[in-house]
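Novice: predicted coordinates and the sequence they were generated for:
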Amino acid sequence: MIALSKQFDAAMFSICQRAKSEAGYNATVFFRMLNDKGGVSTAKYLINTSKPSDGYTHLYERGRLDLTVEAMVVENAKWQDLFTAEEISKARHRLKDYGYKPR
């Protein structure tokens, strides 16, 4: 599980970099959270908030919800062991509420 968690950390940093290069969004708060809390804790925090983060909103406005934590967790079964069924459901519903259809 530790190895999977480290892989998830790397994937989270990757979507942070992709948000900047592909969507023109510099996710500084997200980057800071990743450095402070790690990928899994950051993802759990963001998924479990009652409303989407500012970063989620910025990516929605750019048509890039594929670069969100929610999409990463829902679309890749590899990461799902790191999250509860409830967290995966919350992520899926948030994406659906914003018109995103996960792959």
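Specialist: That came through, no problem.
Novice: residue 40 touches residue 5, doesn't it?
Specialist: Yes: distance between residue 40 and residue 5: 5.5 Å, which falls inside the contact criterion (C-beta atoms under 8 Å). No exception for glycine: its C-beta is placed from N, CA and C like everyone else's.
Novice: what do those two both touch?
Specialist: residue 82 (C-beta atoms under 8 Å, 6 or more residues apart in numbering).
Novice: so who does residue 13 touch?
Specialist: Applying C-beta under 8 Å, 6+ apart as the definition, the contact partners of residue 13 turn out to be 31, 34, 39.
Novice: would you convert the residues you listed into a markdown table that also reports secondary structure and distance to residue 11?
Specialist: Supplementary listing: the contacts of residue 13 in a markdown table, determined by DSSP: H, G, I helix; E, B strand; the rest coil; distance: C-beta to C-beta, whole Å:
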| residue | secondary structure | distance to residue 11 |
| --- | --- | --- |
| 31 | helix | 14 |
| 34 | helix | 11 |
| 39 | helix | 7 |
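Novice: out of those residues, who's the most crowded?
Specialist: Neighbour counts for the contacts of residue 13 (other C-beta atoms under 10 Å) peak at residue 39, which has 24 neighbours.
Novice: how about it, what does it touch?
Specialist: With the criterion set at C-beta under 8 Å, 6+ apart, residue 39 makes contact with 5, 8-13.
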